[in-house]
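Novice: sequence? don't have it. structure:
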Ligand code: CA
C-alpha cells in the first residue's frame, strides 16, 4: 500500500481527495499548513507527496525545496490557474508533476498512479535491469552484458538516479542536488556534463548516439529504456 501525504488548506478539497484516495486503497495523511506538512515530511514515511502551492503560512514550492534536501520522494503540485506560470519553477526545484485546479479526482488518481509507477523504491529491491545494463544495488556494482563496468561513486549515483526515474525527464538542477547530497561536495553544471559523457562512454554502445541516456535539450536527461527491478 502506497503512503501519500496531502498538504492542502482547502478543507472541502482535502476531504474529497482523502475520501477518494482511501477508497482506492491508499494510506493518506493530510496536513493543512506548511508547518504541519513539514512535521509529517520529517517522518520520512511517504511514497508520494501532494503539495498545494498556496498555504496559509508558506508555499508548496518552499516545502518542496525542504523535501529535496534529503529525499527524492515524488512530489505532485496542486496549482491554481493563476499559479500555472510558476510551474516551471516547481519542476525545476524537484517537483515531478502538477495538476491545475479545478481538476477531476480521477485525473489526480491517474497522475498519482503514473508517478508511482515511474518511481521505483530503491530499498525494496536488489537489482535494476534495463536491456544489457544491470545495477546490483546490494553490491553497488554495474554490469553490462554480465561484465562489470567500473564506475566512480558519482557515476554510480547518477546511473541509479536516472534508472529509478526512467522515462522521466530529470532537470539538471534535480540531478545536481542529489549528487551533491551524496558526495558532500558541490557538483557544478560542467561536472555533470562530464559525468554524463563518461557514463555514456562506459555503458552505451555508441556514446555519440546514446540509447539509454538521452539529452533533453534545455532541460536535462532521461533514461530512455524500460527499467525493471528484481
Ligand atoms: Ca491553498
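Specialist: Looks like it came in fine. Every value quoted in this text rests on a predicted model; they were computed, and no experiment measured them.
Novice: can you tell me the element residue 88 falls in?
Specialist: Assigning secondary structure by DSSP states H and E places residue 88 in helix 87-92.
Novice: how distant is that helix from the center of its chain?
Specialist: 13 Å (C-alpha atoms, centre = their mean, to the nearest Å).
Novice: next, the one residue in the chain that gets nearest to the ion: phi, psi?
Specialist: Taking C-beta to the ion as the measure, the point where the chain comes nearest the ion is residue 54, at 3.9 Å. Backbone N, C-alpha and C define where each C-beta goes, glycine included. Dihedral angles phi and psi of residue 54 (degrees, to the nearest 10) take the values phi -90, psi 100.
Novice: how about the nearest residue to it, chain neighbours excluded?
Specialist: Beyond its immediate neighbours in the sequence, the residue positioned closest to residue 54 (C-beta to C-beta, 6 or more residues apart in numbering) is residue 80, lying 6.5 Å away.
Novice: about what we covered before: which residues are contacting the helix holding residue 88?
Specialist: 53, 60, 61, 64, 77, 79, 95, 98, 171, 173, 174 (C-beta atoms under 8 Å, 6 or more residues apart in numbering).
Novice: show me where pLDDT drops low in this structure?
Specialist: 83-85, 119-125, 180-186 (pLDDT under 70).
Novice: how about the residues of it near the ion?
Specialist: Applying the criterion C-beta under 5 Å from the ion, the portion of the chain that neighbours the ion consists of 9, 52, 54.
Novice: any idea which of those has the most stuff around it?
Specialist: residue 52 (25 neighbours; other C-beta atoms under 10 Å).
Novice: check contacts around that residue.
Specialist: Applying C-beta under 8 Å, 6+ apart, one finds that residue 52 lies in contact with 7, 8, 9, 10, 60, 77, 78.
Novice: does the last one sit in a helix or strand, and which one?
Specialist: When elements are defined using DSSP H and E, residue 78 is found to belong to strand 75-79.
Novice: next one: phi and psi at residue 102?
Specialist: phi -80, psi 150.
Novice: run a quick neighbour tally on it.
Specialist: 8.
Novice: over to the closest residue to residue 118 other than its chain neighbours. Which of the three states is it?
Specialist: Beyond its immediate neighbours in the sequence, the residue positioned closest to residue 118 (C-beta to C-beta, 6+ apart) is residue 168, lying 5.1 Å away. Three-state call for residue 168 (DSSP: H, G, I helix; E, B strand; the rest coil): coil.
Novice: residue contacts, the one residue sitting closest to the centre of the chain?
Specialist: Centroid-nearest residue in the chain: residue 74, 4.4 Å away (criterion: C-alpha atoms, centre = their mean). By C-beta under 8 Å, 6+ apart, the residues touching residue 74 are 47, 48, 49, 96, 97, 115, 116, 118, 119.
Novice: any idea how far apart the tips of stretch 91-99 sit?
Specialist: The separation between the terminal residues of stretch 91-99, taken as C-alpha to C-alpha, to the nearest Å, is 12 Å.
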